[in-house]
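>>> next input, structure requested:
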Amino acid sequence: MSGTNGHAAGAGTSEGATALDGLRVVEIAAGRAVAYCAQLLSQFGAEVIRIEPPGGDAIRLAGPFNGDEPDADGGGLHAAVNRGKRSVALDLERDEEAALAARLIGGAALLVSDWREGERTSSELPLTDAERWGERFPETTFVSISDFGMSGPYASWQADSHIIEGLAGFSYVSGDPDREPLSAGIEISDYFAATHATIAALSATAAARRGQRTHVADISAHEALTMTDDHNLVVWLGSGVVRRRYYSRILPGYPNDIMACKDGHIAFVPVGTGHHDFAGVISTLLERPDMKDSPIFTETQTRNLRWREFDAVALPWLARHTREEIFRRAGELGLGFGTVPDVEDLLGDPHLEERDYWLEGPDGVRLTGPGAIMSATPQRFGPAPALDADGDALRANLSEADGSGGAA
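Sure thing, here's the model as predicted:
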């Protein structure tokens with residue numbers, strides 16, 4: 001089923017050639033970042049064969065589940081990050097199973113996994129040795145995604161996204177200055193690492209097609225998230241100044257902040273044509289023309305230092321108005337405010353609905369769609385596979401092959 005903009009509107013396979021047609025990718029299951037990277041490659045049309053342990057991996061058991069009943073094939077996270085893949089269950093600690101995996105990998109352009117999985121696999125799969133990898137699989141690029149990369153003092157350490165957020169500097173500046181730091185609330189380091197890894201995988205694929213094979217691409221989630229900070233690290237590198245946890249109150253032009261209003265929150269970001277007359281436009285928005293000449297409206301530095309006085313004027317007005325009212329009025333005044341939606345708001349968002357963004361998954365559950373629409377090469381969203389759904393077929397094809405790593 002196709003949407004009005006040429007991309008898949010349902011969970012089925014979209015028609016037409018995809019961007020990565022003919023590209024085979026093998027994924028050795030190793031967490032969310034690995035799964036999401038392989039999911040993006042599948043979404044762009046690559047054939048992804050997911051190698052999982054016999055009982056399934058942690059993603060299958062993560063949920064959420066309908067009715068809170070655990071189901072290895074019915075979890076929400078599995079449905080989101082394993083769409084369109086093939087599944088084979090192999091015990092990679094057994095030489096004969098690892099040999100099957102090796103033959104699949106030898107016929108693939110890319111392997112996506114975590115190099116630390118090599119500590120739990122047969123020597124058939126030298127995931128921990130970049131030089132040996134190139135000798136063993138000369139036509140396959142290994143895209144390794146781990147917490148801290150394959151080298152360095154933290155290489156063997158393990159961390160979750162909350163720890164990596166702290167090490168990348170995010171926690172130091174997130175949250176109210178009078179309270180504890182705030183986490184992003186989702187595993188952002190996994191998704192950023194997966195995105196970086198996808199770019200690396202595409203770059204390696206393009207280079208290979210020019211005859212330049214990259215044997216190993218080493219992705220560190222810590223480094224990926226650190227690179228994402230476009231302000232704090234740059235300020236320190238340029239001036240030696242360490243930004244403290246004061247929200248945007250230390251940035252020029254306060255307020256640039258998320259503020260509470262009558263029915264939720266609004267992004268109070270005075271950019272746009274109206275920003276050139278901050279005092280006039282904001283005093284009009286807040287219905288306080290009497291304060292148009294007040295220093296907290298006319299002087300940026302004063303407003304930064306006396307932000308509590310500004311909040312005392314702004315917050316009561318915001319509390320009397322809804323997000324929609326504030327958003328519309330700010331737009332009329334040339335200000336680029338934004339509403340802060342919750343999940344229910346996103347599911348009913350008319351813009352996303354118009355672009356056929358939401359896809360229908362199993363049991364009528366809606367799943368996220370493509371982040372970009374490509375007119376010439378539609379993206380593909382097949383269902384997430386049942387555990388070992390393709391195991392018999394892949395084993396049969398490998399047994400018929402000549403042992404050279406041919407297609408299965």
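>>> which stretches of the stretch 251-400 of the chain have low pLDDT?
251-253, 400 (pLDDT under 70).
>>> try it again at 90.
Residues of the stretch 251-400 of the chain meeting the criterion pLDDT under 90: 251-258, 269-278, 300-308, 336, 342-343, 356, 359-376, 378, 380-382, 395-400.
>>> from Pro289, how far off is Glu131?
72 Å (Cβ to Cβ, to the nearest Å). C-beta here means a position set from N, CA and C on the backbone, and glycine is covered the same way.
>>> wait, a strand at Leu41?
No. Under DSSP: H, G, I helix; E, B strand; the rest coil, Leu41 falls outside any strand and is assigned helix.
>>> state the distance from it to Glu69.
According to Cβ to Cβ, Leu41 stands 31 Å off from Glu69.
>>> comparing those two, which residue is more hemmed in?
Per other Cβ atoms under 10 Å, whichever of Leu41 and Glu69 has more neighbours is Leu41, with 28 against 8.
>>> so the nearest residue in space to that one that is not next to it in sequence, which state does it fall into?
Nearest non-adjacent residue to Leu41, counting by Cβ to Cβ, 6 or more residues apart in numbering: Val25, 5.2 Å away. Look at Val25: counting by three-state DSSP, its state is strand.
>>> Val25 and Gln43 touch, don't they?
No. Look at Val25 against Gln43 with Cβ atoms under 8 Å: they stay out of range, at 11.5 Å.
>>> which one's more surrounded, those two?
Neighbours per residue, other Cβ under 10 Å: of Val25 and Gln43, the larger number sits with Val25, 26 against 23.
>>> roughly how far apart are Asn304 and Ser146?
With the distance defined as Cβ to Cβ, Asn304 ends up 41 Å from Ser146.
>>> coming back round to it: residues touching the residue nearest to Leu41, list them.
The contact partners of Val25, by Cβ atoms under 8 Å, 6 or more residues apart in numbering, come to 38, 41-42, 46-49, 108-112, 201.
>>> try 6 Å this time
Leu41, Ala46, Val48, Ala108, Leu110 (Cβ atoms under 6 Å, 6 or more residues apart in numbering).
>>> in strands, which of those residues fall?
Counted as lying in strands by DSSP state E, out of those, are Val48, Leu110.
>>> farthest pair in the contacts of Val25?
Spanning the widest gap among the contacts of Val25 are Leu41 and Ala108, at 11.0 Å by Cβ to Cβ.
>>> can you map out the helices along the stretch 151-300 of the chain?
Ranges of helices in the stretch 151-300 of the chain, per DSSP state H, counting those that start in this stretch, are 161-167, 188-209, 221-228, 232-239, 278-285, 295-298, 300-305.
>>> angle of the very next helix or strand once past the last one against helix 278-285?
Just to be clear, that refers to helix 300-305. Remark: after helix 300-305, the chain's next helix or strand is helix 307-319, criterion DSSP states H and E. Per axes from the mean of the first three to the mean of the last three Cα atoms, to 10 degrees, the angle that helix 307-319 makes with helix 278-285 is 30 degrees.
>>> now what about the next helix-or-strand element following helix 307-319, what contacts it?
Going down the chain from helix 307-319, the next helix or strand is helix 323-332, by DSSP H and E. With contacts defined as Cβ under 6 Å, 6+ apart, helix 323-332 is touched by Cys261, Asp263, Gly264, Ile266, Phe337, Thr339.
>>> paired strands for the next helix or strand after helix 323-332, with orientation please.
Sequence-wise, the next helix or strand downstream of helix 323-332 (DSSP H and E) is strand 338-339. Sheet pairing of strand 338-339 (DSSP bridges) gives strand 264-268 (antiparallel).
>>> tell me how far the partner strand lies from the chain's centre.
24 Å (Cα atoms, centre = their mean, to the nearest Å).
>>> show me what counts as buried in that strand.
Neighbour counts using 16 or more other Cβ atoms under 10 Å place His265, Ile266, Ala267, Phe268 of strand 264-268 among the buried residues.
>>> tabulate these (JSON lines), appending distance to Asp277.
Shown next, in JSON lines, are the buried residues of strand 264-268 (distance: Cβ to Cβ, whole Å):
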{"residue": "His265", "distance to Asp277": "25"}
{"residue": "Ile266", "distance to Asp277": "20"}
{"residue": "Ala267", "distance to Asp277": "20"}
{"residue": "Phe268", "distance to Asp277": "17"}
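>>> show the contacting residues for Glu97.
So Glu97 contacts Leu90, Asp91 (Cβ under 6 Å, 6+ apart).
>>> wasn't it part of a helix?
Yes. Judged by three-state DSSP, Glu97 forms part of a helix.
>>> per-residue confidence at it?
Listed pLDDT for Glu97 reads 91.
>>> any idea how far it is from Ile28?
Distance of Glu97 to Ile28, given as Cβ to Cβ: 12 Å.
>>> Arg210 too?
For Arg210, the distance to Ile28 (Cβ to Cβ) stands at 27 Å.
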